[in-house]
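Engineer: Whatever this is, show me its structure:
(chains A and B)
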Amino acid sequence: MKYIDEFRDGDKARHIARLIHQQVRGGRSYRLMEFCGGHTHAIFRDGLVDLLPQEIELIHGPGCPVCVLPMARLDMAIELAQNPQVILCTYGDMLRVPASGGTSLLKVRAEGGDVRMVYSPLDVLALARDNPERQVVFFAIGFETTTPPTALVLRQADQLGFTNLSIFCNHVLTPAAMHAILSDDGPRHLDGFIGPAHVSTVIGSQAYQVFPEQYKKPVVIAGFEPLDVLQAILLLVRQLNAGRAEVENEFTRAVTPQGNLKARQLMDEVFTLRDRFEWRGLGSLPRSALRVRPELAHLDAEERFTFSAGQSRENKACECPAVLRGLKRPSECPLFGNPCSPENPLGSCMVSSEGACAAYYSYGRNRTQEQRLARG
Amino acid sequence: MATLDIKKGRVEMIHGSGGRASQDLLEQLFLPLLDNPWLNQRNDQAVFDLPPGRVVMATDGHVVSPLFFPGGDIGSLAVHGTLNDLAMAGARPCYLSAGFILEEGFPLADLHRLVASMAEAARKAGTPIVTGDTKVVEKGKGDGVFITTSGVGVVPEGCRLSGDQARPGDAILVSGSIGDHGVTLLSLRESLGFETEICSDSQALHRLVEVMLEVSPGLRGLRDPTRGGLATCLNELAQQSGVGMQIDERQLPVRETVRAACEFLGLDPLYSANEGKLVAICPAKEAPALLQAMRGHPQGEEAAIIGQVTRDPQNLVQMQTRLGGQRIIDWLQGDQLPRIC
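Structural biologist: Have a look, this model is predicted:
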């Protein structure tokens, strides 16, 4: 467990926390957004807020793949799963996300739909090979981390000449979401970002250079271990105290300036930018998502299948959109805890362990409102 | 009588018909392996005497996949599952029954192997399988074999263990490393394709319980943290007793390999199943002696005091993290893994 234990060392964590306490200046706040759900999860799992001074406020960002997918896209996947010809494959987190009318992929499966959970998209190739009489569709979701594996499936499916496999592509781009948050930075302004871990291994640290330049906001890329997160907070506090806004890379053991060039090239080969894509919470964002290239249209589920243009019915009281923008805390949603809970999620942020609402509920629902507001 | 081809033969529909073929299966496979006077009488039931004390009964169905795994198989698991349910009441297990649902086409060699394993587990525990039943379902209607076992045992005079008796201030102990069984099963799933050195902890715990009862007369309750893992088990106990619980992450015994596999798969050992571990709640003053006794027993060598019972109207289980932070340990949400026991 080398490379993991050393980033979870209690003594070192308390040492960094002491440095943060020494550095923060009373009378000002440090509003830091951790973009990734992975960071949100780590912060709650390790109880990091208890180690931080009151001045640090952690705001949970939209980097949770299932959280930002709008219901209309999930409804399309539900429609695919209801097609008796189709085997719909996706990641486990997606199965319980509520769709229009209170249904979900799990419920569709119980009603006879063939929905399979996969750990790796490459399993989809085997499913297509073993079920030549069926149409296998991979419901692909996620940021740049999960995009290269989908790209690999597309390339292999093309090379092997599969005619019964297609990708329902919903891959989205991190920088586009960061732009959206910063360009609409309202009363609860942000002071800086704890930058993505795994996403950055693919897109590289250079991809964030625009944020200090255009918005004067520092970004510190951090790994998902508790010491990574604490170190990133310390670096952000130092930048803010010094009036600097730079990209710093705390996660040098995995992230390079250019990222993973091979993966990026593979993505370019099989995907193209969409003009616009609807995000839950962030609205319709230009050049913020990928779709399968026209040359590979035979592997694009959006080309292979026709979809009914039904109206998606979101729960009107659900505050997921405001939570995803960092404008509201999960506990400020009227549905939080009752009736919306991980057992009975009404909004997407309550489903995945990376969702802010689920993390709040599962790890910290006993904290008082004051504690929550004061300590993240 | 037709001779069964145990090496190459397969389960056929007629083996469940109740006729001659059923008898062949009983006489040539089950009886020689499970061999005991009650079964050998060949009645449809077993008649026996029980030692004095209150009688405990438990039943447990097993649908694990895969059927064979490092550290056990569905046969031994089915025996240990019911034995441990009896033991958690403080009982000395006395007799077991077993019901088999076999799928047409299931290899007789595999059936022989897992019944032999059941016989061995029952023999080691000193608890004979005295009656049983076998049914066969058409190919495609089962998954090889499902086994349900039931058991009866006797609780010694004065022993009143129950999950609703935890009191604020009580100590919480666990008998050894957590998560082994669930992670072992997951590592075998063909779709994951990695192997680890870990093996299931499937084992009978009644002898450990016997020792525990001797040293801790005030023992409140025991539970084996099977499906849902330690986290779910503690939540059940907290709710039943109307208390809270506070545990310390640094005290949790977790094997290195289990931790590594959990990291890799994004799982939490707290929610991973165990099949040979127990959680004990006892008055704080009895905890040191209880811990010592547990550690002196082969089934409790890695036992640890992991926390204490608290007063909490919300009945939350909370944990101090290794970094000194605090968080809730919630009930298992959804299904971490399918069909692990």
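
Engineer: Show me which residues of the stretch 1-150 of chain A sit near chain B.
Structural biologist: Contacts of the stretch 1-150 of chain A with chain B, taken as C-beta under 8 Å from any C-beta of the partner chain, map to A:1, A:4, A:8, A:10, A:13-14, A:44-51, A:96, A:118-120, A:123. For the C-beta atoms, the positions are set from N, CA and C on the backbone; glycine is no exception.

Engineer: List buried residues within these.
Structural biologist: Buried members of the residues of the stretch 1-150 of chain A next to chain B, scored by 16 or more other C-beta atoms under 10 Å in any protein chain shown, are A:8, A:10, A:13, A:44-51, A:96, A:118, A:123.

Engineer: Between the residues you listed, which sits nearest chain B?
Structural biologist: A:Gly47 (1.8 Å; C-beta to the nearest C-beta).

Engineer: ok, the closest one touching B:Arg322?
Structural biologist: No: judged on C-beta atoms under 8 Å, A:Gly47 makes no contact with B:Arg322 at a distance of 9.4 Å.

Engineer: so how many other residues sit close to A:Thr252?
Structural biologist: Neighbours of A:Thr252 under the rule other C-beta atoms under 10 Å in any protein chain shown: 11.

Engineer: mind listing the strands for the stretch 51-200 of chain A?
Structural biologist: With strands called from DSSP state E, counting those that start in this stretch, the stretch 51-200 of chain A shows them at A:56-63, A:86-90, A:114-117, A:135-142, A:165-171, A:192-195.

Engineer: What of chain B?
Structural biologist: B:54-62, B:68-69, B:72-73, B:92-103, B:129-137, B:145-155, B:171-174, B:221-223, B:244-248, B:279-282, B:304-310, B:317-320, B:326-328 (DSSP state E).

Engineer: Out of these, which is closest to A:Leu152?
Structural biologist: When these are compared by C-beta to C-beta, strand B:68-69 sits nearest A:Leu152, at 31.0 Å.

Engineer: follow-up on the earlier one: any chance of the strands of chain B in a markdown table with mean pLDDT, mean neighbour count and distance to A:Leu282 as columns?
Structural biologist: Converted to a markdown table, these look like this (pLDDT from 0 to 100; neighbours: other C-beta atoms under 10 Å in any protein chain shown; distance: least, C-beta to C-beta, whole Å):
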| stretch | mean pLDDT | mean neighbour count | distance to A:Leu282 |
| --- | --- | --- | --- |
| strand B:54-62 | 97 | 17 | 47 |
| strand B:68-69 | 94 | 17 | 46 |
| strand B:72-73 | 96 | 24 | 50 |
| strand B:92-103 | 98 | 22 | 51 |
| strand B:129-137 | 96 | 20 | 52 |
| strand B:145-155 | 98 | 22 | 49 |
| strand B:171-174 | 98 | 25 | 44 |
| strand B:221-223 | 98 | 24 | 46 |
| strand B:244-248 | 98 | 21 | 39 |
| strand B:279-282 | 98 | 26 | 45 |
| strand B:304-310 | 98 | 22 | 42 |
| strand B:317-320 | 96 | 24 | 34 |
| strand B:326-328 | 93 | 20 | 29 |
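
Engineer: Quick one: those strands as JSON lines, columns for distance to chain A too.
Structural biologist: As requested, the strands of chain B are exported to JSON lines (distance: least, C-beta to the nearest C-beta, whole Å):
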{"stretch": "strand B:54-62", "distance to chain A": "21"}
{"stretch": "strand B:68-69", "distance to chain A": "19"}
{"stretch": "strand B:72-73", "distance to chain A": "24"}
{"stretch": "strand B:92-103", "distance to chain A": "21"}
{"stretch": "strand B:129-137", "distance to chain A": "21"}
{"stretch": "strand B:145-155", "distance to chain A": "21"}
{"stretch": "strand B:171-174", "distance to chain A": "19"}
{"stretch": "strand B:221-223", "distance to chain A": "22"}
{"stretch": "strand B:244-248", "distance to chain A": "9"}
{"stretch": "strand B:279-282", "distance to chain A": "21"}
{"stretch": "strand B:304-310", "distance to chain A": "12"}
{"stretch": "strand B:317-320", "distance to chain A": "7"}
{"stretch": "strand B:326-328", "distance to chain A": "4"}
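
Engineer: re earlier: give me the subset of the buried ones among the residues of the stretch 1-150 of chain A next to chain B lying in helices.
Structural biologist: Counted as lying in helices by DSSP state H, out of those, are A:10, A:13, A:44-45, A:123.

Engineer: Identify, from these, the entry nearest to A:Lys262.
Structural biologist: Set against A:Lys262, the nearest of these by C-beta to C-beta is A:Asp123 (21.8 Å).

Engineer: My read is that the closest one contacts A:Ile87, right?
Structural biologist: No: between A:Asp123 and A:Ile87 there is no contact under C-beta under 8 Å: 11.3 Å.

Engineer: Tell me which residues touch residue 208, please.
Structural biologist: No chain in the question, so chain A it is. A:175, A:178, A:193, A:195, A:200, A:219, A:221, A:247 (C-beta atoms under 8 Å, 6 or more residues apart in numbering or on different chains).

Engineer: um, chain B though
Structural biologist: B:Leu208 sits next to B:87, B:175, B:278, B:294, B:297, B:299-300 when contact means C-beta under 8 Å, 6+ apart.
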